[in-house]
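1. Build me a structure from this.
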Amino acid sequence: MATIQWHGTIESIAKSKYGNDKVGKFTAETCARYMDAYVPYLTGMLSITYVTEPWKVRYLMPYAHRQYNGEGFNIA
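-> This is a model prediction of the structure:
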């Protein structure tokens, strides 16, 4: 049986291979495009107001935090 050994995080492996954060930025932008259909939609602003950093997508609108944590929702 073959075993796989993983040394480090995806970020550190990609940075060591490519020498910069271009891969991480591309991955974050691609993920943001695919996640768009699953982003909560109240006014539509959340899906267009995000910032991509290498390996991260940050949404800037305040109502995303409340929905993520379930604050103020009566879900029964």
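2. The longest helix seen in the chain - what's its average pLDDT?
-> Identified as the longest helix of the chain according to DSSP state H is helix 22-35. Averaged across helix 22-35, the pLDDT comes to 90.
3. now swap in stretch 66-76 and tell me
-> Computed over stretch 66-76, the average pLDDT equals 70.
4. so who does the residue positioned nearest the centre of the chain touch?
-> With distances taken as CA atoms, centre = their mean, the residue of the chain nearest its centroid is Val57 (3.7 Å). Contacts for Val57 (CB atoms under 8 Å, 6 or more residues apart in numbering) come out as 28, 31-32, 35, 50-51. (C-beta placed from N, C-alpha, C; glycine too.)
5. what about it, which SS state?
-> strand (DSSP: H, G, I helix; E, B strand; the rest coil).
6. quick revisit: can I get the contacts of Val57 in JSON lines including neighbour count?
-> As requested, the contacts of Val57 are exported to JSON lines (neighbours: other CB atoms under 10 Å):
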{"residue": "Ala28", "neighbour count": "20"}
{"residue": "Cys31", "neighbour count": "14"}
{"residue": "Ala32", "neighbour count": "18"}
{"residue": "Met35", "neighbour count": "13"}
{"residue": "Tyr50", "neighbour count": "19"}
{"residue": "Val51", "neighbour count": "11"}
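7. Figure out how far the longest helix of the chain is from the centre of its chain.
-> 8 Å (CA atoms, centre = their mean, to the nearest Å).
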